[in-house]
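K.L.:
predicted model follows, preceded by the sequence.
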Amino acid sequence: GIHKGSVPVPYVSIVPTWESLQLFRTNRKSWNWPMMTSALGLTLLDERISVDVHVSTEMSDAWFEQQRVIALCGASGISTRQAEKFAKWVEDGGGLLATYDTGLYDEHGDMRKDGGALREVLGVRMIGEPSRSQPECFYRVKEAHPALGELESGAVVQGDGRLVPTETLAGAKLLAECWNLGTGEVRGPAVVVNNYGKGRAIYSSGSLEANYLYDRVKSTRQMLAAMVRYLGGGAPQPYTLKAPTGVYAVLRRAPNGDLALWVLANVGFKDAVVGRMRQEYLPLSLIEVGIRIPEGKQAKSMRLMRGEQSVPYKVEGGYAMATIPTLHIAEVVHLALV
């Protein structure tokens with residue numbers, strides 16, 4: 001009754017567009033699949049930000065109304081109709097994060113000549129296909145801004161060596177530029193923030209999320225998380241988690257309104273073919289979790305569904321807080337509400 005029919009409770013929804021996934025029909029490779037899903041997803045899981053993946057074909061008006069932040073990560077192909085939906089949502093107050101070549105191509109895989117499907121929303125004009133990758137590329141901050149967290153002007157963080165050449169439009173603000181440490185070349189805008197109607201948009205001309213997928217650089221993760229929190233207007237996260245790196249959580253809402261926090265402790269190894277290695281998953285102790293209580297509701301009880309036991313909790317700052325005594329691989333924390 002808790003699991004069947006439950007739905008995610010995301011702070012940010014990653015949207016892989018159907019047009020991008022169909023690029024193979026034009027004899028072109030859909031090369032951005034990792035950044036569209038697993039890359040930013042991993043980044044946000046590591047930052048304890050509630051995330052979901054939602055394909056563009058299922059974006060109803062009701063779905064848009066429930067979204068706080070939408071991320072388009074390398075969503076290369078976007079139809080004019082889809083672009084209009086995203087633009088209207090941002091104009092009405094949404095927060096949009098877009099990276100790399102999002103909207104550079106149309107639904108047929110042809111490069112747009114008008115600067116990209118979301119140029120007015122993002123505040124940038126795309127002027128060509130992605131450049132060739134270069135080593136030793138960093139993002140150099142031009143101006144301190146809440147969208148970049150605690151980074152100050154002049155700060156340098158690891159960037160993407162491949163980026164889409166763009167021009168910043170009037171009214172948009174250039175926050176960081178791509179800079180080649182070896183050659184000293186400034187390769188162009190890297191991070192741009194733009195206000196559009198009542199909403200906000202951030203564009204990164206490279207794929208910081210794809211970089212994080214492979215190198216796990218902490219400053220990259222923190223910068224992406226700062227962008228998402230800024231786009232969310234500082235709204236509180238749906239859950240909190242204090243646990244070692246490698247412990248992830250996903251929050252879901254049951255049909256009756258109760259909340260269930262799925263916690264995975266993927267801290268082990270199970271592959272006998274690689275030789276003499278430990279073959280167990282190590283249990284963890286005293287994992288602290290918090291589930292935000294929806295407005296108008298009250299916490300009734302908290303229970304560990306795998307452990308089959310109730311746990312004491314306290315309400316603090318709008319969250320029902322509890323401790324999982326022992327976490328072995330996985331647990332589901334059920335918060336009953338009234």
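P.N.:
Cool, the structure landed. Remember, it's a predicted structure, so these values are computed and weren't measured experimentally.

K.L.:
secondary structure class for the closest residue in space to residue 309 that isn't next to it in sequence?
P.N.:
Of all residues not flanking residue 309 in the chain, residue 303 sits nearest, at 7.0 Å (C-beta to C-beta, 6 or more residues apart in numbering). Yep, even glycine has a C-beta here, placed from its N, CA and C like the rest. At residue 303 the chain is in strand, as set by DSSP: H, G, I helix; E, B strand; the rest coil.

K.L.:
for the protein, longest helix please?
P.N.:
helix 218-231 (DSSP state H).

K.L.:
which helices and strands does it pack with?
P.N.:
helix 40-46, strand 69-73, strand 95-99, strand 156-158, strand 199-204, helix 208-215 (3 or more C-beta pairs under 8 Å, 6 or more residues apart in numbering; DSSP states H and E).

K.L.:
pretty sure the residue nearest to residue 309 sits against residue 336.
P.N.:
Yes. Contact criterion C-beta atoms under 8 Å: residue 303 and residue 336 qualify, at 7.4 Å.

K.L.:
spatially central residue for this structure, please.
P.N.:
residue 40 (4.5 Å; C-alpha atoms, centre = their mean).

K.L.:
so after the host helix or strand of residue 314, what's the next helix or strand?
P.N.:
Assessed by DSSP states H and E, residue 314 sits inside strand 313-316. Using DSSP H and E, the helix or strand that follows strand 313-316 towards the C-terminus is strand 319-327.

K.L.:
what's the average pLDDT for that following strand?
P.N.:
If you average the pLDDT over strand 319-327, you get 96.

K.L.:
how about the helix or strand that comes right after the longest helix of the chain: buried residues?
P.N.:
Sequence order places strand 239-242 as the next helix or strand after helix 218-231, per DSSP H and E. Judged by neighbour count (16 or more other C-beta atoms under 10 Å), strand 239-242 contains these buried residues: 239-241.

K.L.:
what's the spacing between whichever helix or strand comes after strand 239-242 and its chain's center?
P.N.:
Moving toward the C-terminus from strand 239-242, the next helix or strand (DSSP H and E) is strand 247-253. Strand 247-253 sits 14 Å away from the centroid of its parent chain (C-alpha atoms, centre = their mean, to the nearest Å).

K.L.:
and for stretch 131-138?
P.N.:
23 Å.

K.L.:
could I get the CA-only coordinates of stretch 318-326 as CSV?
P.N.:
Extracted C-alpha coordinates of stretch 318-326, given in CSV (Å, rounded to 0.1, in the frame of the first residue of the first chain):
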residue,chain,number,x,y,z
GLY,A,318,9.6,21.4,9.6
TYR,A,319,11.2,18.0,9.3
ALA,A,320,10.5,14.7,11.0
MET,A,321,14.0,13.6,12.2
ALA,A,322,15.1,10.1,13.1
THR,A,323,18.1,7.9,13.2
ILE,A,324,18.5,4.5,11.5
PRO,A,325,20.4,2.4,14.1
THR,A,326,21.9,0.1,11.5
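
K.L.:
flag every buried residue along it.
P.N.:
319-322, 324.

K.L.:
over to stretch 136-155?
P.N.:
137-142, 145, 147-149, 151, 155.

K.L.:
what is the nearest of those to residue 267?
P.N.:
residue 149 (27.4 Å; C-beta to C-beta).

K.L.:
show me what contacts that closest one?
P.N.:
Residues in contact with residue 149 (C-beta atoms under 8 Å, 6 or more residues apart in numbering) are 222-223, 225-226.

K.L.:
which one (most neighbours) among those?
P.N.:
Scoring those on neighbours with other C-beta atoms under 10 Å, the highest-scoring entry is residue 223 at 27 neighbours.

K.L.:
check the gap between that one and residue 206 for me.
P.N.:
12 Å (C-beta to C-beta, to the nearest Å).

K.L.:
and the helices and strands packed on helix 218-231: which comes nearest residue 264?
P.N.:
helix 40-46 (9.2 Å).

K.L.:
in the helix or strand where residue 63 lies, what's buried?
P.N.:
Using DSSP H and E, the element containing residue 63 is helix 61-65. Neighbour-count burial for helix 61-65 flags residue 64 (criterion: 16+ other C-beta under 10 Å).

K.L.:
what mean pLDDT does that helix get?
P.N.:
93.

K.L.:
which residues does that helix contact?
P.N.:
54, 85, 89, 94.

K.L.:
Three-state assignment for the third one, please.
P.N.:
Put simply, residue 89 is helix when judged by three-state DSSP.

K.L.:
for residue 82, same thing?
P.N.:
Per three-state DSSP, the local secondary structure of residue 82 is helix.

K.L.:
isn't it right next to residue 15, touching?
P.N.:
No. Using C-beta under 8 Å, residue 82 makes no contact with residue 15, being 9.3 Å away.

K.L.:
overlap in contacts, the two.
P.N.:
56, 59.

K.L.:
fine by me, thanks again.
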